[in-house]
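**Student:** quick one: sequence and predicted model below, then my questions.
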Amino acid sequence: MLGTAALLLTGCGLTDDEEPGDGVAVVVGMTDEVLATDPASGYDPGSWLVFNNVFQSLLSFPPGGTEPQPEAARECGFTDRVSQRFTCTLRDGLTFTNGHELTSQDVKYSFDRTLRINDPNGPAVLLSSIDRIETPDDTTVTFHLTQPDATFPQKIASGAGSIVDHREYPSDELRTDGEAVGSGVYTLESYSEGEAVFAVNEEYQGPAEAQNSEVTLRLFNGDQKALKQAVEGGEVDVAYRGLAASDIADLESSTLDGDGGVKVVDGSSAEVQHLVFNMDDPVTGDPGVRRAIAHLIDRSTLTRDVYQRTAEPLYSIVPAGITGHNTAFFDTYGDVPRPDLAEDALRESGFTEPVELTLWVTPARFGPDTEAAFEYLAGQLNESGLFDATVRSVPADEFAEGVAGGDYGAYVRGWVPDYPDPDNFTAPFFGEGNILENNYESPRITEELIPRTEQESDRARTVEDYSTLQDIVAEDLPLIPLWQGRQYAIAAENIDGLQWTLDASTVFRFWEILKTPEE
């Protein structure tokens, strides 16, 4: 093989007399919903949290790392010079939690199944470069790609690469019984609307070592107040995802004062949020309107006043810490409001009265502070006297239908990356079938820049093309980047290991959480 994954990083580690799974049970709480337990369907943070802990992929991201390392595979690599043929050799003796042997047949079946079902809420889009899969023996699997794709190892290291038992999952429809059969670090013992219970898989073979014996995931289904009370009251050991920024700030302040009883752990993140424009809308389709908005938004005060500095201003579609990041929007529009330039842009487009504008949001899908943030943005626009902006909040399903139907001129879009590469912040956003659904077209991006960057195995050599791509987006304004988040977890004082779960891969590793028994 021309390239194989190498040394793995590990987390805290066990003591000499402990075995994986001997640790104390842990209770984790979050407000995100788990929309699916079948890897062919889920494409949301809650579902991928389940997939990353219950299923194995051929590769996985080590704690703190952005380069995939062997997981179910013993080794993987491109076996040609153009990144179009990728071969993996499985570990020996892999089994699913039901005792069935895991072979290359299951790997091929899992990928073929996801592509065949092609669920609109699933990750099939990440696997679209697969042409065919060969399995010459039980431990070898070769992917033939339709085009060079240097990011393919990262794509299959994500939840999209979850391996299922071909005897347990129908080939052409989703499994809907709420159960899951994988080969990962944990088994899914039970799942309901309010709770999921995970037990350590004693037959797991891979690099991870569980620091606990069981994890109970309590699902608060959007109730931020209840989650905060639960972690403060000791009902959950760890609160992850879904606390409002003000709650995090309050808890962090209490921790610094020494009277909180909990600690705040933060880590890097590449989660971003954008204001997206429908390019066919009679209002936001006008470039003068979009330029005026770009000149009026003040990200610094937004992240300070609404997000309590739990997020940072973002000035491009590729976030800081990811290869190729630049500051195209800062360079083009600055970092302070310029009402004079905004007015010039509107007057050039023929607008002489305040522009009526509705900003559409759905907090259930894009975070508890989303509505407050867009109210704040509307206030910034209205303060200039150039806009009459209002905010409309709707349920997630109604929001998705409105975006798909072209009913919204301006709307929120959040993005938690599937893998930490600039490709994942660009390719899904542009071209046919893109997730923004905003009617933006740029042949330079879709026919030249993205294909060329996908072929380059040395990601450092893509920086110039990604810089050009970001500059084009800043000029055309199909969206405006708003902020880049950090990851936070609130934990009891006797919890350790969270530093190994909060990184740019966004993989929340249950197995790294260690709870010390209280004396």
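**Tutor:** Received, thanks.

**Student:** residues near Glu134, how many?
**Tutor:** 13 (other C-beta atoms under 10 Å). In short, each C-beta sits where N, CA and C put it, glycine included.

**Student:** can you tell me how far Arg290 is from Ser349?
**Tutor:** Note on Arg290: its distance to Ser349, by C-beta to C-beta, to the nearest Å, is 10 Å.

**Student:** between these two, which one's more packed in?
**Tutor:** Higher neighbour count among Arg290 and Ser349: Arg290, with 23 against 15, using other C-beta under 10 Å.

**Student:** so what touches stretch 338-351?
**Tutor:** With contacts defined as C-beta atoms under 8 Å, 6 or more residues apart in numbering, stretch 338-351 is touched by 286-289, 291-293, 295-296, 355, 384-386.

**Student:** I'd like the average pLDDT over it.
**Tutor:** In this model, stretch 338-351 has a mean pLDDT of 98.

**Student:** what are the buried residues along that stretch?
**Tutor:** Arg338, Leu341, Ala342, Glu343, Ala345, Leu346, Phe351 (16 or more other C-beta atoms under 10 Å).

**Student:** in CSV, list those residues along with secondary structure and distance to Leu127.
**Tutor:** Listed next are the buried residues of stretch 338-351 as CSV, based on DSSP: H, G, I helix; E, B strand; the rest coil; distance: C-beta to C-beta, whole Å:
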residue, secondary structure, distance to Leu127
Arg338, coil, 44
Leu341, helix, 44
Ala342, helix, 43
Glu343, helix, 47
Ala345, helix, 41
Leu346, helix, 44
Phe351, coil, 44
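
**Student:** rewinding a little: among the contacts of stretch 338-351, which two are most distant?
**Tutor:** Spanning the widest gap among these are Pro287 and Gly385, at 20.7 Å by C-beta to C-beta.

**Student:** let me know the pLDDT of the residue nearest the centre of the chain.
**Tutor:** Taking C-alpha atoms, centre = their mean, the centroid of the chain lies closest to Val416, which sits 2.4 Å from it. Val416 carries a pLDDT value of 88.

**Student:** that one and Ser505 touch, don't they?
**Tutor:** No: with contact defined as C-beta atoms under 8 Å, Val416 does not reach Ser505; the gap is 10.7 Å.

**Student:** and for Arg461, the neighbour number?
**Tutor:** The tally of other residues near Arg461 (other C-beta under 10 Å) stands at 11.

**Student:** next, it: secondary structure please.
**Tutor:** helix (DSSP: H, G, I helix; E, B strand; the rest coil).

**Student:** distance check, it against Thr453.
**Tutor:** Taking C-beta to C-beta as the measure, Arg461 falls 9 Å from Thr453.

**Student:** what of Asp138?
**Tutor:** Using C-beta to C-beta, Asp138 is found at 36 Å from Thr453.

**Student:** who touches stretch 70-86?
**Tutor:** Residues outside stretch 70-86 that contact it (C-beta under 8 Å, 6+ apart): 1-5, 8, 56-60, 68, 87-92, 94, 102, 107, 142-145, 147-150, 152-153, 157, 163, 183, 206-207, 455, 457.

**Student:** filter the residues you listed down to the buried ones, PyMOL style.
**Tutor:** Applying 16+ other C-beta under 10 Å to these, the buried members can be selected in PyMOL as follows:
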select buried, resi 5+56+57+58+59+60+68+87+88+89+90+91+94+102+107+142+143+145+148+149+150+152+153+157+163+183+206+457
